[in-house]
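A.B. asks: quick one, structure for this:
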Amino acid sequence: MIQESIVISSEASSTFAGSRDLPGWIVMWSLAFAIYCIFKMVSWQSRKRANVACWKQMAYLFAWPGMDADRFLNAENINVPRPSIQEWIFAFLKLCFGLTLLIGAVPELSAFDSDLVGWTGMIGIIFSLHFGLFHLLSLVWRSCGLQADPIMDWPIASQGLAEFWGRRWNRAFRDLTYRLLFRPLLPRLGPSGSLLAGFLISGLVHDLVISMPARGGFGGPVLFFITQGAGILVERSRIGKSVGLGRGISGRIFCIALLLLPVPLLFHRPFVCNVIVPFLKATGCLS
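C.D. replies: Numbers count the residues shown, from 1 in each chain. The predicted structure is shown next:
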């Protein structure tokens, strides 16, 4: 058994070492997909057991990026409003905008700084996937009577950090962390401690997916998410409420500033140059 363990450990070490020879973008997408699959199975296993059609469960597991299994599977047969034509058009336009950035803008910027090219490519990827394709999937499943709320819910309309992270940005990750992390930690750490713990773990996950493939920038994503958690605590403090944080113009300015100013910690230069730019080249978006 000891010898077998040594062999397995050696093989795992060799595999990890071999991953250093892989392009950073392959490592990034592989890690992101593996973590997504783990989270997806956890959300499915923790669902309420109900008599739900097999096709709905397969749709949730393989054709929907959200993490709220109970809501999507709709075991209570709640009537889901059908999406409007305007929403279909809006989702399609967001997808087109993202693809335009990737196919049209990125090649035109190839002569400029790699940071500009990388950031343009990242925005194109986010609009193509999170805002475009995922919204279209939401429309498809809602048309079939399933509760597939859009992953992104107008983040630009946020009046505060709590609203941005808690309701509008990537609700799939939010649903899972709230259910499996925040609520279990609440009795032990209290609201503030549970909030910071959630952002800390989110930072560690992003550090793994972003910094490790980039082979640099370690700690930046953790610091970014800790800053977001601290910002929410400031919003909810007595002083924060007295100056209007979390609402109105003051809340919007504070939210935008705390999101944009430290964002280079999250998407740091090693990630942009070593992962995003090579990915754009590999996909033909950049020559």
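
A.B. asks: residues contacting the spatially closest residue to residue 133 that is not a sequence neighbour?
C.D. replies: Residue nearest to residue 133 in three dimensions, not counting chain neighbours: residue 95, with 6.1 Å by C-beta to C-beta, 6 or more residues apart in numbering. Every C-beta, even on glycine, is put in place using the N, C-alpha and C of the backbone. Contact analysis of residue 95 by C-beta atoms under 8 Å, 6 or more residues apart in numbering lists 127, 128, 131, 132, 133, 135, 136.

A.B. asks: farthest-separated two in the residues you listed?
C.D. replies: For the contacts of residue 95, the farthest-apart pair by C-beta to C-beta is 127 and 136; their separation is 12.3 Å.

A.B. asks: which of those two has more neighbours?
C.D. replies: Taking neighbours as other C-beta atoms under 10 Å, residue 127 and residue 136 compare with residue 127 leading, 22 against 17.

A.B. asks: quick one: residue 90 and residue 83, what's the gap?
C.D. replies: Distance of residue 90 to residue 83, given as C-beta to C-beta, to the nearest Å: 10 Å.

A.B. asks: which of these two has more neighbours?
C.D. replies: Neighbours were counted for residue 90 and for residue 83 using other C-beta under 10 Å; residue 83 has more, 19 against 16.

A.B. asks: which helix or strand contains the closest residue to that one other than its chain neighbours?
C.D. replies: Of all residues not flanking residue 83 in the chain, residue 139 sits nearest, at 4.7 Å (C-beta to C-beta, 6+ apart). For residue 139, the host element (DSSP states H and E) is helix 134-143.

A.B. asks: same for that helix, what does it pack against?
C.D. replies: Helices and strands touching helix 134-143, by 3 or more C-beta pairs under 8 Å, 6 or more residues apart in numbering; DSSP states H and E, are helix 54-63, helix 85-100.

A.B. asks: residue 189: which of these is closest?
C.D. replies: Of all the helices and strands packed on helix 134-143, helix 54-63 comes closest under C-beta to C-beta, at 30.7 Å.

A.B. asks: buried residues in that closest one?
C.D. replies: Within helix 54-63, the residues that count as buried by 16 or more other C-beta atoms under 10 Å are 56, 59, 60.

A.B. asks: what pLDDT does the last one get?
C.D. replies: I take that to be residue 60. pLDDT for residue 60: 95.

A.B. asks: so it sits against residue 67, correct?
C.D. replies: No: using C-beta atoms under 8 Å as the test, residue 60 is too far from residue 67 to be in contact (9.6 Å).

A.B. asks: just the CA coordinates for stretch 67-77, please, in PDB.
C.D. replies: Extracted in PDB, the C-alpha atoms of stretch 67-77 (Å, rounded to 0.1, in the frame of the first residue of the first chain):
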ATOM      1  CA  MET A  67     -26.500  26.800  -9.300                       C
ATOM      2  CA  ASP A  68     -30.000  27.000  -7.800                       C
ATOM      3  CA  ALA A  69     -31.200  23.500  -8.500                       C
ATOM      4  CA  ASP A  70     -34.500  23.700  -6.600                       C
ATOM      5  CA  ARG A  71     -35.600  26.800  -8.500                       C
ATOM      6  CA  PHE A  72     -34.600  25.500 -11.900                       C
ATOM      7  CA  LEU A  73     -36.100  22.100 -11.500                       C
ATOM      8  CA  ASN A  74     -39.400  23.800 -10.400                       C
ATOM      9  CA  ALA A  75     -40.700  20.800  -8.500                       C
ATOM     10  CA  GLU A  76     -43.700  22.900  -7.400                       C
ATOM     11  CA  ASN A  77     -44.700  23.600 -11.000                       C
END
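
A.B. asks: and the contacts of it?
C.D. replies: Residues contacting stretch 67-77 (C-beta under 8 Å, 6+ apart): 39-40, 43-44, 46-48, 50-52, 56-57, 59-60, 64, 66, 80, 141, 145-149, 171-173, 175-176.

A.B. asks: so which of these are in strands?
C.D. replies: If you go by DSSP state E, the contacts of stretch 67-77 have nothing in strands.

A.B. asks: just the buried residues of these.
C.D. replies: Looks like the contacts of stretch 67-77 have 39-40, 43, 47, 52, 56, 59-60, 64, 66, 80, 141, 146-149, 171-173, 175-176 buried, using 16+ other C-beta under 10 Å.
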